[in-house]
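A.B. asks: just need the structure, nothing else, for what follows:
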Amino acid sequence: MIKLVIFDMAGTSINEDNLVYKTIQRMMTLHGVEVSLETVLELGAGKEKRTAIADIAEVVLGSEGVSSNWVNGVHQAFKEALDRAYATEDMEVFPSVRKVVKNLRSNGIKVGFNTGYSRPVAERILVRCGVKVGEDIDALATADDVSNGRPAPDMIDLICQQLDIPAEQSIKIGDSAIDIDEGRSAGVKWAIGVTTGAQTRQLIEKASPDYILDDMLELLPILDLND
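C.D. replies: Take a look at the predicted model:
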């Protein structure tokens with residue numbers, strides 16, 4: 001029996017038009033590493049953002065690599081640029097996600113959000129989108145709250161501990177392959193991909209998810225819940 005559904009934030013729950021990854025691309029380019037948005041999405045989606053920058057640069061530059069100071073500088077520039085962007089750019093909870101979350105909670109299924117964002121950024125996004133932990137969702141785990149980012153299970157483990165629900169009675173849903181890997185490492189019942197965000201169906205399929213959704217409302221019949 002499913003008792004908990006854990007949703008990734010950007011691209012899965014929150015529609016922000018890949019703003020975070022566009023910002024990473026722009027900051028890396030400004031700091032001398034030319035990279036396409038497609039490459040950023042493929043290599044960086046779902047990761048803690050400093051790790052994403054380092055991993056993308058390592059693949060793009062190969063053996064040349066980049067220094068830790070370079071990564072730190074790009075990450076700091078990224079955080080500052082993202083703060084400015086989030087103050088002005090539009091974002092919202094996907095309407096279908098809002099509907100599904102309400103349905104799940106009305107049927108006694110807990111809802112958690114987790115994210116590779118820092119906690120201050122995640123909390124600002126939730127405020128912008130009118131989502132309150134304890135009222136609209138039951139738990140939030142961010143990259144700041146754990147020792148290891150995705151694909152390690154730490155954020156899922158934390159939410160399961162907070163809500164006293166075992167991972168095997170939980171579902172993880174995300175818009176990137178690393179979300180699926182995270183769910184697998186945590187031992188969730190189903191790891192589910194969704195095509196509304198960072199990665200294409202083809203990229204998500206590489207992680208062998210249990211299901212891939214094109215719209216979050218497709219989750220309801222999987223759980224035998226009415227729309």
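
A.B. asks: contacts only, for the residue nearest to residue 145 when sequence neighbours are not counted.
C.D. replies: With sequence-adjacent residues excluded and distances taken as CB to CB, 6 or more residues apart in numbering, residue 145 is closest to residue 158, at 6.1 Å. Where C-beta positions appear, they are placed from N, C-alpha and C, glycine not excepted. Residue 158 makes contacts with 141, 145-146, as judged by CB atoms under 8 Å, 6 or more residues apart in numbering.

A.B. asks: who does residue 8 bridge with?
C.D. replies: Under the criterion DSSP bridges, residue 8 forms beta bridges with residue 114.

A.B. asks: that one: neighbour count?
C.D. replies: Residues near residue 8, counting by other CB atoms under 10 Å, number 28.

A.B. asks: quick one on the thing from earlier: can you tell me the element the residue nearest to residue 145 falls in?
C.D. replies: Following DSSP states H and E, one finds residue 158 within helix 154-163.

A.B. asks: tell me the buried residues in that helix?
C.D. replies: Going by neighbour count (16 or more other CB atoms under 10 Å), the buried part of helix 154-163 is 154-160, 163.

A.B. asks: ok, now stretch 87-106?
C.D. replies: 93-94, 96-98, 100-101, 103-104.

A.B. asks: what mean pLDDT does that stretch have?
C.D. replies: Average pLDDT, stretch 87-106: 94.

A.B. asks: got any ranges where this structure has weak pLDDT?
C.D. replies: Low-confidence segments of the chain, defined by pLDDT under 70: 63, 227.

A.B. asks: I'd like the next helix or strand past the helix holding residue 158.
C.D. replies: Moving toward the C-terminus from helix 154-163, the next helix or strand (DSSP H and E) is strand 170-174.

A.B. asks: how far off centre is the helix or strand following that following strand?
C.D. replies: Next along the chain after strand 170-174, taking DSSP H and E as the criterion, comes helix 177-186. Offset of helix 177-186 from its chain centre (CA atoms, centre = their mean, to the nearest Å): 11 Å.
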